[in-house]
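Chemist: no FASTA, just this:
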């Protein structure tokens, strides 16, 4: 069965420090991968998605970046964190879609990031 | 811009009653619709998916889709305290597009 791993679960980082969050998927090949952020009291906001190795699409301009160095690995990074980067970061995967039908995502357990 | 509208609640329902959650979406190109449940501090969990107009039942849950009215709903029968959570109803078009989420409806089941 497919599983998605995301770590760390919680993170407290000072303003201006770098960030690296990692997500890996097991039990599937060539998944679509996504990074979402949920700020306090807000809905989920799509940050990045990837349909393959090295292919990254950004939805929202920000000081974050994403990379996909391997088929089942997705990394979210920042060179210098801002206070506004605090939030609940979620990685998700879905099967590659065919026929225009989208399949539901499976989310990882998330990383709660607090920038201080 | 794609949008999903939900009543943020809280929606309070007595235990054992039917909880009715509603969602409207703006993107007429949306083809797939989902209901996620999110407990406080946890990640969303997929509970229902629906692609065609009409009803889809799964245990105590029934999803209803009306594409012409751009409307999707979720009924929870015999509500339990464990159903207390925030419910999200994202939609998506074809391809690898991301899900478009609203803020969700906070459901409280009163024992």
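Modeler: It's in. Quick caveat: nothing in here was measured; it's all calculated off a predicted structure.
Chemist: rest of the way, CA atoms for contacts and neighbours
Modeler: Will do.
Chemist: how far away is the most centrally placed residue in chain A from residue B:59?
Modeler: Residue closest to the average C-alpha location in chain A (C-alpha atoms, centre = their mean): residue A:35, at 2.5 Å. Remark: distance between residue A:35 and residue B:59 (C-alpha to C-alpha, to the nearest Å) = 31 Å.
Chemist: ok, back up a step: residue A:44 is in contact with the residue nearest to the centre of chain A, correct?
Modeler: No - between residue A:35 and residue A:44 no contact is recorded; they are 9.9 Å apart, counting by C-alpha atoms under 8 Å.
Chemist: quick one: low-confidence residue ranges for chain A.
Modeler: A:61, A:96-103 (pLDDT under 70).
Chemist: now the strands: where do they sit in it?
Modeler: Along chain A, the segments classed as strands by DSSP state E run A:3-7, A:10-13, A:19-26, A:32-38, A:44-52, A:55-58, A:65-70, A:73-78, A:87-94, A:106-107, A:111-115.
Chemist: mind listing what's buried in the second one?
Modeler: Judged by neighbour count using 16 or more other C-alpha atoms under 10 Å in any protein chain shown, the buried positions of strand A:10-13 are residue A:13.
Chemist: return the list of helices and strands in contact with that strand.
Modeler: strand A:111-115 (3 or more C-alpha pairs under 8 Å, 6 or more residues apart in numbering or on different chains; DSSP states H and E).
Chemist: so what touches the lowest-mean-pLDDT helix or strand in chain B?
Modeler: Using mean pLDDT, DSSP states H and E, strand B:91-92 stands out as the lowest-scoring helix or strand of chain B, at a mean of 79. Contacts to strand B:91-92, defined as C-alpha atoms under 8 Å, 6 or more residues apart in numbering or on different chains, come from residues A:102, B:4, B:25, B:30, B:31, B:32, B:33, B:34, B:98, B:99, B:100, B:101.
Chemist: same check on stretch A:108-116?
Modeler: Against stretch A:108-116 from outside (C-alpha under 8 Å, 6+ apart): A:4-15, A:21, A:23, A:81-92, B:42-43.
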